[in-house]
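Peer 1: fold the stuff below for me.
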Amino acid sequence: MAIVADGKDGRVYLPPNEPHEEVAINAEPIDVPETLLAKNPRDFKTPNYGMTKHRDLFTKRQLVAMTTFCDLVSKARLLTLKDSGHDEDYAAALATYLALASSRCADYWSSICGWHSSRQLIRNTFARQAIPMVWDYAETNPLSNSAGNFSGAIEWVSKCAAAVPASITATAIQGSAGDVHPEQPAVFSTDPPYYDNVGYADLSDYFYIWIRRSLASVYPELFKTVLVPKAEELIADPYRQGGKDSARTYFENGMRRVLEGIRKNSDDRFPTTIFYAFKQTEADEQNEEDLVNNADSHASTGWETFLEGLVESGWQVDGTWPMRTELGNRMIAMDKNALASSIVLVCRPRPQNAGVASRRDFLAALKRELPEALRHLQRGNIAPVDLAQAAIGPGMAVFSRYAKVLETDGSTMSVRSALAEINKCLDEVLAEQEGEFDADTRWALAWFDQNGFNEGAYGVAETLCTAKNTSVQGMKDAGILEAKGGKVRLLKKEELDADWNPAEDSRLTIWEITHHLIRRLEEGESGAAELIQQLGAKAEIARDLSYRLYTICERRKWAQEAIGYNALVLSWSDVQRLAEERKAAATPTQGELI
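Peer 2: A predicted model of the protein is given here:
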């Protein structure tokens, strides 16, 4: 055990004394929840070690803190009623905000909170949508200025409350999405569940037990159950629904029912928007080799099932709208090629007279329309990590405009087959962009696809040079590869010439430009902007190469290499703006005659 405190020059770590240990050991919480954690070994790891109840996730003094703060919410409400002349609504609102703050504290006041060693502060419980087992945990002081204190939670909630548009009248209803029946045609926007990706209800019990303790007397109808209702939750949960096959059937039928209900009750004047942030390959990562070699496996169960339900319910996808919604500093995104955006599918009911297309008709329309749609997405600086996901929109727009697409044997084409064709078309479009690259870059791209930054045989490199109309010696002189001892390898960005000047480079390559830009960007946007200003139009081609390189890294599961290419595109608009500002500042202006 150690105590972390603020010292003169930063954090100091002190040993505890007997009174400290005594307080921790002798804390006696009263009336704590005895509810059980879900039987879901994928997302709940603590039951494997005997921690089977929600109370087991907290130390004794954490339980004292949680029960005390939750009970004080009720007392604060009574005092507010007295001071406000029995204004029930005002007292209920204040109690609600205080309960939300207390609930937020639960995220930082558990024994699942780890210690962030580099930043020297506490991690929250839900760094991802699961409850892991944590061996070395940190415990914050609720009344201190450290991370996770109660005052900080109040500040967060007050900021959210201040941002809520209070002038808009709205009604919140708790119920099944499959049973929504508005009195008049409505506009729908939804973020549906991602198949089996998140067990929302099981996880939300963690917070529900504390909010219920604070607000059961304020909202008795909302808190009738001891834990969150789960029977109608629309996810594929094999632990709750009797196995994998039963879970899939439950999800398919439920999603189809919801989508049919939305279609029946939607206002035809407006599109329905559906948010999705689930990568195509997430559910198939155990078949890594298949993903590399077999395009047909390039579709997740979640996507396939959801889109199948969408098409069968009579919806037509009109397009894709990428929105930046995901925090880059969330744990799931740390050093990974996780999605940066949610992809919004813009949908309208498919016309009743929609025709039937052959496989040949579908592929012809796809090859005609998807390339321009993808170029439009690239011009908008969509992150490479999101490009394959975003391509589904215009691709499914082609597929879903038909009542059905018939295979050569007369059977109906499945969504899985359509997704495979969309991904093939995406690869073809990115491959066509290689025509803009110089010979050295085309060689480096092909070599990278096979070897990454690892060594390969000199003879193989020479053979590839013949095909790409370049030479190993020439590229060595250009400073992009190393060749010795019968081996050849591409130089990493850290190994490139730090004093490189494109104006003095007699053999300028897009490959070299791209990796110098990434290197400069890691040092700061101003350096990258300076380089873009020097490069002019060639810089735009470097962005296209980043898309292509990211696609290779994604397919090969090279997450570390992918990060730099993704970051370059993400930062492109900001860096380009800085470059234009630098150019404008350096351009002399015409004086005025007086």
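
Peer 1: let me see the domain layout of this protein.
Peer 2: Split into domains by automatic domain parsing, the chain comes to 3-165, 236-433, 437-586.

Peer 1: next one: the last one to chain centre, how far?
Peer 2: Mean-position distance between domain 437-586 and its chain equals 27 Å (C-alpha atoms, centre = their mean, to the nearest Å).

Peer 1: got it, and the longest one?
Peer 2: Its chain's C-alpha centre lies 16 Å from the corresponding centre of domain 236-433 when counted by C-alpha atoms, centre = their mean.

Peer 1: want to throw the domains of the chain into JSON lines with mean neighbour count?
Peer 2: (Glycine included, C-beta is placed from N, CA and C.) Output for the domains of the chain, formatted as JSON lines (neighbours: other C-beta atoms under 10 Å):
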{"stretch": "domain 3-165", "mean neighbour count": "16"}
{"stretch": "domain 236-433", "mean neighbour count": "18"}
{"stretch": "domain 437-586", "mean neighbour count": "17"}
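
Peer 1: wait, which of these is closest to Ser214?
Peer 2: Closest of these to Ser214 is domain 3-165, at 3.8 Å (criterion: C-beta to C-beta).

Peer 1: now the closest one: mean pLDDT?
Peer 2: Domain 3-165 comes out with an average pLDDT of 91.

Peer 1: do stretch 465-472 as well
Peer 2: 88.

Peer 1: same thing with stretch 517-532?
Peer 2: For stretch 517-532, mean pLDDT rounds to 90.

Peer 1: cool, stretch 576-590 as well?
Peer 2: Averaging pLDDT along stretch 576-590 gives 75.

Peer 1: which strand or helix spans the closest residue to Ser176 other than its chain neighbours?
Peer 2: With C-beta to C-beta, 6 or more residues apart in numbering as the criterion, Ser176 has its nearest non-adjacent residue at 4.7 Å, and that residue is Glu232. Secondary structure from DSSP states H and E places Glu232 outside every helix and strand.

Peer 1: from what I see, Asn513 and Lys538 are in contact.
Peer 2: If you look again at residue 513, you'll see it is Ile, not Asn. Yes - shown here, Ile513 and Lys538 form a contact pair, counting by C-beta atoms under 8 Å, at 6.0 Å.

Peer 1: give me the residues contacting the longest helix along the chain.
Peer 2: Longest among the helix segments of the chain by residue count, using DSSP state H, is helix 60-83. Contacts with helix 60-83, where a contact means C-beta atoms under 8 Å, 6 or more residues apart in numbering, come from 23-32, 55, 58, 87-88, 90-92, 94-95, 98-99, 102, 105-106, 109-111, 139, 142, 150, 210, 213-215, 217-218.

Peer 1: among these, which ones are in strands?
Peer 2: Among the contacts of helix 60-83, none falls in strands (DSSP state E).

Peer 1: tell me which of those residues fall in helices.
Peer 2: 23-26, 88, 90-92, 94-95, 98-99, 102, 105-106, 150, 210, 213-215.

Peer 1: against Glu139, how distant is Asp438?
Peer 2: 58 Å (C-beta to C-beta, to the nearest Å).

Peer 1: about what we covered before: next, format the domains of the chain as TSV and append distance to Thr190.
Peer 2: Formatted as TSV, those follow (distance: least, C-beta to C-beta, whole Å):
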stretch	distance to Thr190
domain 3-165	19
domain 236-433	6
domain 437-586	27
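
Peer 1: list the contacts of Ser471.
Peer 2: Cys465.

Peer 1: how about the nearest residue to Ala91, chain neighbours excluded?
Peer 2: Leaving aside its sequence neighbours, Ala91 sits nearest to Thr80 (C-beta to C-beta, 6+ apart; 4.1 Å).

Peer 1: for Pro16, same thing?
Peer 2: Met1 (5.1 Å).

Peer 1: I'd assumed Ile25 was in contact with that neighbour.
Peer 2: No - in this structure, Met1 is not within contact of Ile25 by C-beta under 8 Å, at 10.7 Å.

Peer 1: any chance you could map the strands in the stretch 451-594 of the chain?
Peer 2: Remark: strands assigned in the stretch 451-594 of the chain by DSSP state E, counting those that start in this stretch are 456-457, 481-484, 487-490.

Peer 1: which of those strands sits closest to Leu374?
Peer 2: strand 487-490 (26.7 Å).

Peer 1: what about Asp386, distance to Glu421?
Peer 2: Distance, Asp386 to Glu421, using C-beta to C-beta: 20 Å.

Peer 1: switch the strands of the stretch 451-594 of the chain over to JSON lines; also include mean pLDDT.
Peer 2: JSON lines is the format used below for the strands of the stretch 451-594 of the chain (pLDDT from 0 to 100):
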{"stretch": "strand 456-457", "mean pLDDT": "92"}
{"stretch": "strand 481-484", "mean pLDDT": "92"}
{"stretch": "strand 487-490", "mean pLDDT": "94"}
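
Peer 1: for Trp156, find the nearest of those.
Peer 2: Minimum separation from Trp156 across the strands of the stretch 451-594 of the chain (C-beta to C-beta) falls at strand 487-490, 46.2 Å.

Peer 1: so which elements touch the closest one?
Peer 2: helix 439-451, strand 456-457, helix 458-468, strand 481-484 (3 or more C-beta pairs under 8 Å, 6 or more residues apart in numbering; DSSP states H and E).

Peer 1: now the ones you listed in CSV, with distance to Thr320?
Peer 2: Listed next are these as CSV, based on distance: least, C-beta to C-beta, whole Å:
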stretch, distance to Thr320
helix 439-451, 27
strand 456-457, 38
helix 458-468, 34
strand 481-484, 38
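
Peer 1: which one of those lies nearest to Asp6?
Peer 2: In terms of C-beta to C-beta, the element of the helices and strands packed on strand 487-490 nearest to Asp6 is helix 439-451, at 48.1 Å.
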